[in-house]
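J.: starting from these lines, generate the structure:
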Amino acid sequence: MTSAADTAPAAPPAGPGPAAKRDRTHYLYLAVIAAVVLAVVLGFAAPDFAKQLKPLGTGFVNLIKMMISPIIFCTIVLGVGSVRKAAKVGKVGGLALGYFIVMSCVALAIGLVIGNLVHPGSGMHLTEAVKGVGHAQADAAKEGPVDFVLGIIPTTLVSSFTEGQVLQTLLVALLVGFALQAMGRRGEPVLRGVEHIQRLVFRVLSMIMWAAPVGAFGAMAAVVGETGVDALKALATIMVGFYATCVLFVIVVLGAMTRLVAGVNILRLLRYLGREFLLILSTSSSESALPRLIAKMEHLGVSRPVVGITVPTGYSFNLDGTMIYLTMASLFIADAMDQPLSIGQQITLLLFMMVASKGAAGVTGAGLATLAGALQSHQPALVDGVGLIVGIDRFMSEARALTNFAGNAVATLLIGTWTGEADKDRVRRVLAGELPFDERMLLDDSEEAGAGLPEPQDHGEKQLAPLART
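T.: Numbering: from 1, shown residues only. The predicted model follows:
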């Protein structure tokens with residue numbers, strides 16, 4: 001069998017044609033950078049006006065979230081429905097869930113070690129206003145384990161799309177995918193129809209993405225205007241410690257995994273996903289980059305079934321950045337309130353948080369609500385201190401989202417390698433820049449944007465061509 005990497009051209013053909021068309025998306029991301037810089041300046045120069053721009057950022061993130069459920073549905077249905085043997089899907093899913101649990105424990109352990117060494121909460125003081133914020137967050141997060149499980153089941157087959165529940169969409173998509181798999185050849189017309197719907201969804205997403213500079217400007221201006229310099233100075237210790245811990249986790253832990261398992265330099269993978277990191281940094285939500293991660297991991301050489309199962313599931317269950325945040329924030333609050341936790345209390349509290357955080361997608365504020373709810377259940381006396389961290393939660397949310405995103409990208413590559421569903425030669429060539437991802441496929445109106453790009457490798461299963469490479 002001829003590998004896709006062997007048949008793919010290393011560069012677009014010379015001469016006139018669609019492949020020679022200028023990549024306009026370069027200007028889009030330059031505009032995002034410029035918008036963030038202008039937003040920071042405006043936030044300091046006119047904070048009252050800057051705070052009024054918050055709806056711009058909220059609106060953009062909501063537009064992206066509007067597309068998440070249909071994208072996840074189409075991706076999983078195509079991934080599961082195009083695999084002949086259900087056992088293969090179970091193998092990928094079981095391996096992914098096992099990996100997610102192990103990495104969550106590793107992230108918790110690293111956060112515990114750094115938090116106990118730094119003691120970031122020393123010297124902080126509470127006010128009555130701060131106490132009220134903590135209890136408000138705890139009330140918003142009340143949900144027992146039974147409610148969580150029952151919440152995965154949608155009211156109707158289509159209600160998961162209208163309510164925007166990621167786990168409900170996962171369940172419906174898996175059921176539909178297995179049903180189409182059982183139908184065999186009779187289900188192929190439906191699969192082709194879902195592929196056309198996926199193309200439509202990505203085309204709508206392409207129009208939304210051109211609003212990214214406006215959304216980034218509004219979101220960043222509002223948070224700088226609300227937070228100011230004083231709050232950042234007062235809470236700089238935990239911010240610096242948290243960011244350093246996230247970097248340590250990504251470079252050392254995830255870097256070692258990618259090197260040992262896939263033979264890939266983590267820095268090359270992060271550079272390949274550079275535009276996605278910029279989008280997350282400006283919106284503080286890893287959901288904004290989920291559709292692009294799916295397309296880029298398929299282009300990297302990981303098979304569609306692995307991408308379709310690992311990425312959406314990871315967005316609910318593989319929250320490494322959130323694990324580190326919950327650990328350090330808990331220790332910060334305990335130190336700030338002069339109520340330090342014993343090692344046993346820390347472990348018990350954080351294991352509960354690991355379970356409670358599953359299903360919390362990469363949305364701004366989800367980590368804060370989980371923190372407050374867990375403290376309310378296990379250490380009620382510490383809930384008052386949640387308000388101490390609200391002022392910088394937006395900045396910590398960015399680090400959470402970036403780390404969660406990096407963890408899911410690495411997980412997809414590792415699961416693909418372990419299951420033999422990753423083309424190692426193609427991975428090497430893509431990360432080396434020999435087979436660049438065609439940005440116009442997601443962000444341009446050109447029907448021929450994908451001309452000349454390689455077809456996906458057939459890993460022994462019947463697959464539909466991924467969107468990013470058709």
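J.: count of neighbours near residue 113?
T.: 12 (other Cβ atoms under 10 Å). Quick note: C-beta positions are derived from backbone N, CA and C, even for glycine.
J.: how much distance is there from the helix or strand harbouring it to the middle of the chain?
T.: Counting by DSSP states H and E, the element that carries residue 113 is helix 86-118. Between the mean C-alpha location of helix 86-118 and the chain-wide mean there is a distance of 15 Å, by Cα atoms, centre = their mean, to the nearest Å.
J.: so which other helices or strands are in contact with it?
T.: Using 3 or more Cβ pairs under 8 Å, 6 or more residues apart in numbering; DSSP states H and E as the contact test, the elements touching helix 86-118 are helix 166-183, helix 236-248, helix 304-317, helix 320-336, helix 343-357, helix 387-418.
J.: apply 7 Å and report the result again.
T.: For helix 86-118, the packing partners by 3 or more Cβ pairs under 7 Å, 6 or more residues apart in numbering; DSSP states H and E come out as helix 236-248, helix 304-317, helix 320-336, helix 343-357, helix 387-418.
J.: low-confidence regions, the stretch 51-200 of the chain specifically.
T.: Counting by pLDDT under 70, the stretch 51-200 of the chain has low-confidence residues at 82-89, 120-149, 164-166.
J.: about what we covered before: can you tell me which of the helices and strands packed on helix 86-118 the model trusts least?
T.: Note on the helices and strands packed on helix 86-118: helix 343-357 shows the lowest mean pLDDT, a mean of 76.
J.: got the angle for that helix vs helix 320-336?
T.: 140 degrees (axes from the mean of the first three to the mean of the last three Cα atoms, to 10 degrees).
J.: which other residues reach helix 343-357?
T.: By Cβ atoms under 7 Å, 6 or more residues apart in numbering, the residues outside helix 343-357 that reach it are 104, 108, 112, 319, 322-323, 326-327, 330, 341, 370, 373-374, 377-379.
J.: by neighbour count, which of these wins?
T.: Of the contacts of helix 343-357, with other Cβ under 10 Å as the count, residue 319 tops at 33 neighbours.
J.: which of the contacts of helix 343-357 sits closest to residue 286?
T.: residue 319 (9.1 Å; Cβ to Cβ).
J.: list the contacts of the closest residue to that closest one other than its chain neighbours.
T.: Nearest residue to residue 319 in three dimensions, chain neighbours excluded: residue 404, at 5.2 Å (Cβ to Cβ, 6 or more residues apart in numbering). By Cβ under 7 Å, 6+ apart, the contact list for residue 404 reads 286, 319-322, 362.
J.: quick one: which of those is nearest to residue 296?
T.: Residue 296 has its nearest neighbour among these in residue 286, at 13.9 Å by Cβ to Cβ.
J.: tell me how far that closest one lies from residue 242.
T.: Taking Cβ to Cβ, to the nearest Å as the measure, residue 286 falls 16 Å from residue 242.
J.: so these two - more neighbours on which side?
T.: residue 286 (31 against 28).
J.: so the more buried one is in contact with residue 405, correct?
T.: Yes: with contacts defined as Cβ atoms under 7 Å, residue 286 counts as touching residue 405 at a distance of 4.5 Å.
J.: what's the overlap in contacts for the two?
T.: Any residue near both residue 286 and residue 405 by Cβ under 7 Å, 6+ apart counts here, and that gives residue 280.
J.: got a pLDDT number for residue 255?
T.: 94.
J.: let me fix that, I meant to ask about residue 9.
T.: Predicted confidence (pLDDT) at residue 9: the value is 41.
J.: how much space separates residue 72 from residue 92?
T.: Distance from residue 72 to residue 92, by Cβ to Cβ: 16 Å.
J.: circling back: let me know the closest of the contacts of residue 404 to residue 266.
T.: residue 320 (13.5 Å).
J.: wait, isn't that closest one in contact with residue 103?
T.: Yes: assessed by Cβ under 7 Å, residue 320 is found in contact with residue 103 at 5.8 Å.
J.: which neighbours do these two share?
T.: Common contacts of residue 320 and residue 103 (Cβ under 7 Å, 6+ apart): residue 407.
J.: more neighbours, the two?
T.: Each of residue 320 and residue 103 has its neighbours counted (other Cβ under 10 Å); residue 320 has more, 30 against 23.
J.: residues contacting that one?
T.: So residue 320 contacts 103-104, 107, 249, 403-404, 407 (Cβ under 7 Å, 6+ apart).
J.: so for it, what's the nearest residue that isn't a sequence neighbour?
T.: residue 407 (4.0 Å).
J.: touching, the one you found and residue 318? I think so.
T.: Yes: taking contacts as Cβ under 7 Å, residue 407 lies within contact range of residue 318: 5.5 Å.
J.: where's the closest residue to residue 437 other than its chain neighbours relative to residue 422, distance?
T.: Nearest residue to residue 437, sequence neighbours excluded (Cβ to Cβ, 6+ apart): residue 299, at 5.0 Å. As judged by Cβ to Cβ, residue 299 and residue 422 stand 12 Å apart.
J.: higher neighbour count, the two?
T.: Between residue 299 and residue 422, residue 422 has the larger neighbour count (other Cβ under 10 Å), namely 27 against 24.
J.: what's the more buried one sitting at in phi/psi?
T.: When read as degrees, to the nearest 10, the backbone of residue 422 gives phi -120, psi 130.
J.: pretty sure it is touching residue 298, no?
T.: No: the criterion here is Cβ under 7 Å, and residue 422 misses it with residue 298 at 10.8 Å.
J.: burial of residue 49, as a residue count?
T.: 12.
J.: remind me which helix or strand it belongs to.
T.: With DSSP H and E as the test, residue 49 turns up in helix 47-51.
J.: could I get the buried residue list for that helix?
T.: 47, 50 (16 or more other Cβ atoms under 10 Å).
J.: and the angle for the next helix or strand after that helix with helix 304-317?
T.: Scanning forward in sequence from helix 47-51 by DSSP H and E, the next helix or strand is helix 54-81. Angle of helix 54-81 versus helix 304-317, following the same axes, to 10 degrees, is 140 degrees.
J.: for helix 54-81, buried residues please.
T.: 54, 56-58, 60-61, 63-65, 67-81.
J.: and what of stretch 423-440?
T.: Under the neighbour-count criterion of 16+ other Cβ under 10 Å, stretch 423-440 has 423-424, 426-431, 435, 437-440 buried.
J.: re earlier: out of the contacts of helix 343-357, who's nearest residue 172?
T.: Using Cβ to Cβ, these come closest to residue 172 at residue 319, 21.9 Å.
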